[in-house]
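[1] Just a sequence and a predicted model for now, questions to come.
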Amino acid sequence: MLHYATEILPSLLSGAWMTVRIFFWTLIAAIPLGILVSLGLTANFKPLRWLLKFYVWLMRGTPLLLQLIFVFYGLPIIGVIFQRYDAALFAFILNYTAYFAEIFRGGFQAIPNGQYESARVLRLTRSQTLLRIVIPQVVKIVVPSIGNEVINLIKDSSLVYVIGLGDLLRAGNVATARDVTLLPLVLVGIIYLLMTAVATFILRRVEQHYRSWR
């Protein structure tokens with residue numbers, strides 16, 4: 001059993017690397033985009049606000065699996081063709097941007113109006129107010145909710161299997177079907193647990209840091 005595990009481990013780790021890539025780039029793109037969308041959701045320009053509300057409603061109201069299928073199999077009908085990896089990344093970023101936007105919107109709304117009034121008294125510009133005063137406080141507020149979405153993202157990454165991308169779950173399924181044993185799936189589960197454990201540890205340290213921040 002140990003010998004077999006060492007034989008299939010390279011293919012599982014290759015799949016895990018694909019999972020990590022999807023996770024990393026989604027997080028890097030979706031968090032700043034989520035901040036921008038959350039600012040748009042509170043903008044005075046109504047057409048922009050309505051458009052972004054519709055986008056968030058659509059992304060949060062439909063399954064990520066459906067969005068993946070639509071991007072990879074549906075968009076080519078109108079001439080928009082993605083490679084598997086690009087399709088997965090595009091769908092994940094669209095989806096998680098919407099979730100992060102709602103989280104950050106709640107964070108912005110939790111900031112007292114007095115903070116903005118104090119910034120105006122100090123003659124700070126809107127961008128200075130956001131970057132120096134508001135966003136640091138918002139981040140402190142939303143860290144726990146962001147953490148939950150980060151863990152969900154690790155697990156949701158397995159959905160790319162449906163469009164044939166060679167992620168961790170697909171590597172495990174291929175080995176299971178080929179060798180008629182459940183051991184590959186057990187190893188897949190262990191790798192997912194390790195990834196979520198590492199992410200949880202990092203998130204707790206970040207949360208502790210912001211909890212002690214004044």
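    Perfect, thanks for sending it.

[2] quick one: contacts for Thr176?
    Residues near Thr176 by Cβ atoms under 8 Å, 6 or more residues apart in numbering: 182, 184-185. For every residue, glycine as well, the C-beta is placed using N, CA and C.

[3] Just the buried subset of those, please.
    Among the contacts of Thr176, the ones that count as buried by 16 or more other Cβ atoms under 10 Å are Pro184.

[4] and the end-to-end length of stretch 72-87?
    One end of stretch 72-87 to the other measures 6 Å (Cα to Cα, to the nearest Å).

[5] one step back: output the contacts of Thr176 as a markdown table; include the columns secondary structure and pLDDT.
    Output for the contacts of Thr176, formatted as a markdown table (DSSP: H, G, I helix; E, B strand; the rest coil; pLDDT from 0 to 100):
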| residue | secondary structure | pLDDT |
| --- | --- | --- |
| Leu182 | coil | 91 |
| Pro184 | helix | 92 |
| Leu185 | helix | 93 |
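
[6] Closest one of the contacts of Thr176 to Ile78?
    Closest to Ile78 out of the contacts of Thr176 is Leu185 (37.3 Å), distances taken as Cβ to Cβ.

[7] Return the residues in contact with the closest one.
    Taking Cβ under 8 Å, 6+ apart as the criterion, Leu185 is in contact with 172-173, 176.

[8] In helices, which of these appear?
    Among the contacts of Leu185, DSSP state H puts 172-173, 176 in helices.

[9] Tell me which residue of this structure is furthest from the middle?
    Residue distances from the centre of the chain (Cα atoms, centre = their mean) peak at Val121, which lies 37.2 Å from the mean C-alpha position.

[10] That one and Gln115, how far apart?
    Counting by Cβ to Cβ, to the nearest Å, the gap from Val121 to Gln115 is 11 Å.

[11] distance of Ala75 from Leu89?
    Residue 75: Leu, not Ala. 14 Å.

[12] C-alpha coordinates for stretch 181-189, PDB please?
    What follows is stretch 181-189, C-alpha atoms only, in PDB (Å, rounded to 0.1, in the frame of the first residue of the first chain):
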ATOM      1  CA  THR A 181      -8.900   1.200  -5.400                       C
ATOM      2  CA  LEU A 182     -10.200   3.900  -3.100                       C
ATOM      3  CA  LEU A 183      -6.700   4.800  -1.800                       C
ATOM      4  CA  PRO A 184      -6.200   7.600  -4.300                       C
ATOM      5  CA  LEU A 185      -9.400   9.300  -3.100                       C
ATOM      6  CA  VAL A 186      -8.300   8.900   0.500                       C
ATOM      7  CA  LEU A 187      -5.000  10.600  -0.300                       C
ATOM      8  CA  VAL A 188      -6.900  13.300  -2.100                       C
ATOM      9  CA  GLY A 189      -9.000  13.900   1.000                       C
END
